[in-house]
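[1] Generate a structure from the sequence data that follows.
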Amino acid sequence: MTIDDPKLSQYLDHLCNQGCTAVREAIEQMEAGDMVPELASLKPLEQQRLLQELKAIMAVYDARDFH
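    Numbering: from 1, shown residues only. As a prediction, this is how the structure comes out:
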């Protein structure tokens, strides 16, 4: 999955630039239904797309940690 929306891509870059720990915290917050302050201006569907992309990215990092 890739985000072809420039706005969402910018949010994705912003979160990823904060590091893996921050991304994992954002994922946990989003999955719990809590508001992530950096994403407050996004619509719920946009937040879901971003969450899916963040999880896909972190799955790659997590898989690399086991090899």
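[2] Work out for me the element the residue nearest to the spatial centre of the chain sits within.
    By CA atoms, centre = their mean, the chain has its centre lying nearest to residue 54, at 3.3 Å. Element membership of residue 54 [criterion: DSSP states H and E] is helix 44-65.
[3] Relative to residue 54, how far out is the nearest residue to residue 20 once chain neighbours are set aside?
    In space, and not counting its chain neighbours, residue 20 is closest to residue 61: 6.2 Å by CB to CB, 6 or more residues apart in numbering. No exception for glycine: its C-beta is placed from N, CA and C like everyone else's. Distance, residue 61 to residue 54, by CB to CB, to the nearest Å: 11 Å.
[4] And residue 5, by the same measure?
    14 Å.
[5] ok now do the nearest residue to residue 47 once chain neighbours are set aside, which residues does it touch?
    Distance criterion CB to CB, 6+ apart; nearest residue to residue 47, sequence neighbours excluded, is residue 39 at 5.5 Å. Residue 39 is in contact with 11, 26, 30, 47, 50, counting by CB atoms under 8 Å, 6 or more residues apart in numbering.
[6] thinking again about what came up before, next, count neighbours for the residue nearest to residue 20.
    11 (other CB atoms under 10 Å).
[7] Let's verify residue 4: helix, strand, or coil?
    coil (DSSP: H, G, I helix; E, B strand; the rest coil).
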